[in-house]
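S.K.: Here is my input; please provide its structure:
(chains A and B)
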Amino acid sequence: MNIPKNLKYTASHEWARLEGDGTLTVGITDHAQSLLGDMVYVETPEVGRSVRQGEECAVVESVKAASDVYAPISGEIVEKNEDLDSSPEKVNEDAFSAWLFRMRPDNVSDLDALLDADAYQGVVDSEAH
Amino acid sequence: MLKRTPLYQAHVDMGAKLVDFGGWEMPLHYGSQINEHHSVRHDCGMFDVSHMQVLDVRGNDCRSFLRYLVANNVDKLQEKGKALYSAMLNPEGGVVDDLIIYYLDESWFRIVVNAGTAEKDIAWMNQKASGFSIEISPRRDLAMIAVQGPNAREKVWQALPGSFELTENLRPFTSVEMGEMFIARTGYTGEDGFEIMIPAKAAPFFWQALAEKGVKPIGLGARDTLRLEAGMNLYGQDMDDKVSPLEAGLAWTVDLKSERDFVGKDALLSKPVKYQLAGLVLLDKGVLRSHQKVSTSQGEGEITSGSFSPTLGVSIALARIPKEVAVGEKVQVSIREKELQAKVVKYPFARNGKSLI
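M.R.: Model (predicted):
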């Protein structure tokens, strides 16, 4: 299972990357896309929306099921990946480049509470049992 | 402990993602459900359907028993090997299960029922059998492999020596015995092909022979989108023991014209039909799923089966809606507190490799 070291993770299978401009890029993990199967629809949040940590703010739908995506930390949505409207399968092809949305964190320090790659690996392993 | 079919190891070896399906450990897909779907529509694929239950009904009263047991009329079966699709009803007119009956001779009919309902069905049949001279034998010694798609028959002929001569002229919805095997030109995909019963021990070898001829394994995920596009009902979703076949798109399988009595007939004749099973195509973005509410000009309804259609490239569904709603009407579907627009269409949505919408 592919879990890049340079990203932060949530137990609900989002990944997050802090960019140089202070924004946070968010997507779902390779593990999550593999559980869901072929993606057929991605609903991304409206730009300008304020979200709280843990709030549902996007939906990924595979042939099999719909799954909510949660805000990893609190902040404001500043961009959504419109590419996924017509090509949701990009999430299957490379979950770590097919980001869903970017947000401006209310407090960058909230990121410290997220999981690192090793801790997220532990979450994935515990689900397998 | 989940039950496993004789092909379990083959699925593991082929990289299947296995899931619990009604108590059976079955392949959901072998990588990509959508690619598997397209393989069946445009080439061919093979499905392990050994979890389904084969029952042999033997005895002098087979025909009179089945005439009473199911809603379709087994008197339509007069030619050896002919198959009949039917619902089996309870006295309230609800569907106990849907099944296929194959006619072999007057003292031997073969029935295939759903996996999840098999035990309930056998108990039900045995209860209804009192007074009839028949015996019902579950055939767990048989595995079943469906090979479906425009090239399916050709591949079976290549993989199974002797099958060509026996099945070249086999018509749709008929079957033939081949030694201990049983080959039927039936399926659950809207494509041509065979469903083949084979002794459990031989099944892995036949599966492998098909794979060597280039037949791809197909999981239950694609089986569901294929049958949905083909407009075929799934028991437990599109109908169940609370739903009348007349409100589940199965009126064509119910024989109310003949004099014969059958279980559930009185209920069907006395209850007014209020709903129809209709096809929906989603006009907005999103995915239709079972249990979503449908609002129409004539009242409320509900989606019974919904998914993304790989052939059409949009989301489609079967929905139980008031019978007055006409094809072409727009309806609203509630998805995550939003009202999305869908159009009522005549189904099937796709068959024989092509969209029909």
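
S.K.: quick one: average confidence on the helix or strand where residue B:333 lies?
M.R.: Using DSSP states H and E, residue B:333 sits within strand B:330-335. Mean per-residue pLDDT for strand B:330-335: 97.

S.K.: tell me the SS of the residue of the stretch 251-357 of chain B found nearest chain A?
M.R.: In the stretch 251-357 of chain B, the residue that lies nearest chain A is residue B:308 (3.9 Å; CB to the nearest CB). Yep, even glycine has a C-beta here, placed from its N, CA and C like the rest. With DSSP: H, G, I helix; E, B strand; the rest coil as the basis, residue B:308 sits in strand.

S.K.: What residues does it make contact with?
M.R.: A:40-41, A:61, A:63, B:225, B:287, B:314-316 (CB atoms under 8 Å, 6 or more residues apart in numbering or on different chains).

S.K.: Narrow those to those in strands?
M.R.: With DSSP state E as the criterion, strands contain A:40-41, A:61, B:314-316 from among these.

S.K.: Now do the contacts for the one residue in chain A that gets nearest to chain B.
M.R.: Chain B sits closest to residue A:40 of chain A, with a gap of 3.9 Å, by CB to the nearest CB. Residue A:40 makes contacts with A:61-63, A:88, B:34, B:287, B:308, B:315, as judged by CB under 8 Å, 6+ apart.

S.K.: again, 6 Å this time
M.R.: A:61, A:63, A:88, B:308 (CB atoms under 6 Å, 6 or more residues apart in numbering or on different chains).

S.K.: who does the nearest residue to the third one once chain neighbours are set aside bridge with?
M.R.: If I follow you right, that is residue A:88. Spatially, and ignoring its direct neighbours in sequence, residue A:88 is nearest to residue A:39 (4.2 Å; CB to CB, 6 or more residues apart in numbering or on different chains). Taking DSSP bridges, one finds residue A:62 as the beta-bridge partners of residue A:39.

S.K.: Which secondary structure element is home to the residue nearest the centre of chain A?
M.R.: Central residue of chain A (CA atoms, centre = their mean): residue A:27, 2.6 Å from the mean position. Here residue A:27, judged by DSSP H and E, is contained in strand A:24-28.

S.K.: can you give me the helices in chain A?
M.R.: Remark: helices assigned in chain A by DSSP state H are A:30-36, A:83-86, A:90-93, A:117-127.

S.K.: wait, does the first one contact chain B?
M.R.: When you say that, I think you mean helix A:30-36. No: using CB under 6 Å from any CB of the partner chain, helix A:30-36 never reaches chain B; the gap is at least 8.4 Å.

S.K.: got a pLDDT number for the closest residue to residue B:212 other than its chain neighbours?
M.R.: Spatial nearest neighbour of residue B:212, excluding adjacent residues (CB to CB, 6+ apart): residue B:159 at 7.3 Å. Note on residue B:159: pLDDT of 98.

S.K.: Isn't residue B:159 up against residue B:208?
M.R.: No: the criterion here is CB atoms under 6 Å, and residue B:159 misses it with residue B:208 at 9.1 Å.

S.K.: Quick check: end-to-end length of stretch B:128-146?
M.R.: Distance across stretch B:128-146, first residue to last, is 30 Å (CA to CA, to the nearest Å).

S.K.: Check which residues of that stretch are buried.
M.R.: B:128-129, B:132, B:134, B:136, B:139, B:142-146 (16 or more other CB atoms under 10 Å in any protein chain shown).

S.K.: so can I have a markdown table of those showing distance to residue A:95, pLDDT and secondary structure?
M.R.: Shown next, in a markdown table, are those (distance: CB to CB, whole Å; pLDDT from 0 to 100; DSSP: H, G, I helix; E, B strand; the rest coil):
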| residue | distance to residue A:95 | pLDDT | secondary structure |
| --- | --- | --- | --- |
| B:128 | 53 | 98 | helix |
| B:129 | 55 | 97 | coil |
| B:132 | 59 | 98 | coil |
| B:134 | 56 | 98 | coil |
| B:136 | 50 | 98 | strand |
| B:139 | 44 | 97 | coil |
| B:142 | 42 | 98 | strand |
| B:143 | 37 | 98 | strand |
| B:144 | 36 | 98 | strand |
| B:145 | 34 | 98 | strand |
| B:146 | 33 | 98 | strand |
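
S.K.: quick one on the thing from earlier: please dump the helices of chain A into CSV; it should also carry distance to residue B:339 and mean pLDDT for every row.
M.R.: What follows is these, written out as CSV (distance: least, CB to CB, whole Å; pLDDT from 0 to 100):
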stretch, distance to residue B:339, mean pLDDT
helix A:30-36, 25, 94
helix A:83-86, 20, 94
helix A:90-93, 26, 96
helix A:117-127, 35, 94
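
S.K.: Nearest to residue A:101, out of the ones you listed?
M.R.: Residue A:101 lies closest to helix A:83-86 among those, at 9.8 Å (CB to CB).

S.K.: Identify each buried residue in that closest one, please.
M.R.: residue A:84.

S.K.: Now residue 40. Nearest residue, chain neighbours left out?
M.R.: Defaulting to chain A. residue B:308 (3.9 Å).

S.K.: Actually, chain B is the one I wanted.
M.R.: Distances taken as CB to CB, 6+ apart place residue B:149 nearest to residue B:40, at 4.7 Å, with adjacent residues excluded.

S.K.: Make sure I have this right: residue B:85 is in a strand.
M.R.: Yes: when three-state DSSP is applied, residue B:85 is found to be in a strand.

S.K.: Show me what from chain B comes close to chain A.
M.R.: So chain B meets chain A at B:32-34, B:287, B:308 (CB under 6 Å from any CB).

S.K.: let's go with 10 Å and repeat that
M.R.: B:17, B:19, B:28-29, B:31-37, B:219, B:221-222, B:224-225, B:282, B:285-287, B:289, B:307-310, B:313-315, B:335-336, B:338 (CB under 10 Å from any CB of the partner chain).

S.K.: before we move on, what SS does residue B:255 have?
M.R.: Residue B:255 - assigned by three-state DSSP - is coil.

S.K.: mind checking the backbone torsions on it?
M.R.: phi -100, psi 110 (degrees, to the nearest 10).

S.K.: give the contact list for it.
M.R.: Counting by CB atoms under 10 Å, 6 or more residues apart in numbering or on different chains, residue B:255 touches B:67, B:70-76, B:86, B:262, B:265.

S.K.: ok, which pair from these is furthest apart?
M.R.: B:76 and B:265 (16.4 Å).

S.K.: who's more crowded, these two?
M.R.: residue B:265 (18 against 14; other CB atoms under 10 Å in any protein chain shown).

S.K.: so that one makes contact with residue B:73?
M.R.: No: using CB atoms under 10 Å, residue B:265 is not in contact with residue B:73; the gap is 11.2 Å.

S.K.: Which neighbours do the two have in common?
M.R.: B:254-256.

S.K.: what does chain A put close to chain B?
M.R.: A:34-35, A:37-43, A:56, A:59, A:61-66, A:68, A:85, A:88-89, A:92.
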